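Engineer: here is my input; please provide its structure:
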Amino acid sequence: MTFDTAPLLIAIDDEQFYLDELGYELQGQRVEYKTFLGPNAFEDGAKEADINRAKVIIVDYDFRTCTAIDRDLAGHIREKYPKFSGKIVLLSLLDDFLKDNDAVARSFDGVINKKGFSWEQIACYLN
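Structural biologist: A predicted model of the protein is given here:
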């Protein structure tokens, strides 16, 4: 599949269950996707060419030992891959990030709640 035929979505989550759920939501949709089981797997396995052509990167909020805010994952991606022009969206079970609300608003282009997330929620960030 090439960029001309389908946009690329990248997902980073430390729970395989949610990566699988994302795959189910994307089945039959015109989108290519790559998943990474946690930020370390992303750092070790992501290819710059893929990141640069990705339309959206979905990032889990809570990685058990840290959060996406603690590690400034969105800032890191934008700094390390300056040609990336897509959106970075937070995926979380939370509705309120308490002390991190301002950082979430500054760092991410949106938030998708893990409870019942759907293709429609994802698609709005691909357009």
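Engineer: in the chain, where is pLDDT below threshold?
Structural biologist: For the chain, the stretches with pLDDT under 70 are 1-4, 96.
Engineer: what about the helices in the protein?
Structural biologist: For the chain, applying DSSP state H gives helices covering 16-26, 39-45, 48-53, 73-80, 101-107, 119-126.
Engineer: what residues are up against the residue nearest the centre of the chain?
Structural biologist: Centroid-nearest residue in the chain: I58, 1.0 Å away (criterion: Cα atoms, centre = their mean). I58 is in contact with 9-13, 22, 89-91, 112, 122, counting by Cβ atoms under 8 Å, 6 or more residues apart in numbering. All C-beta atoms are positioned from the backbone trio N, CA, C, and that covers glycine.
Engineer: before we move on, the earlier item: want to throw the helices of the chain into TSV with mean neighbour count?
Structural biologist: Shown next, in TSV, are these (neighbours: other Cβ atoms under 10 Å):
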stretch	mean neighbour count
helix 16-26	15
helix 39-45	14
helix 48-53	15
helix 73-80	17
helix 101-107	14
helix 119-126	16
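Engineer: let me have those helices in JSON lines, extended by distance to Y33.
Structural biologist: Below are these laid out as JSON lines (distance: least, Cβ to Cβ, whole Å):
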{"stretch": "helix 16-26", "distance to Y33": "5"}
{"stretch": "helix 39-45", "distance to Y33": "13"}
{"stretch": "helix 48-53", "distance to Y33": "10"}
{"stretch": "helix 73-80", "distance to Y33": "16"}
{"stretch": "helix 101-107", "distance to Y33": "22"}
{"stretch": "helix 119-126", "distance to Y33": "9"}
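Engineer: out of those helices, which is closest to T65?
Structural biologist: The closest of the helices of the chain to T65 is helix 39-45. By Cβ to Cβ, the value is 10.2 Å.
Engineer: let me have the contacts of I58 in TSV, extended by distance to E43.
Structural biologist: Below are those laid out as TSV (distance: Cβ to Cβ, whole Å):
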residue	distance to E43
L9	18
I10	12
A11	15
I12	10
D13	14
L22	20
V89	19
L90	18
L91	18
I112	22
I122	23
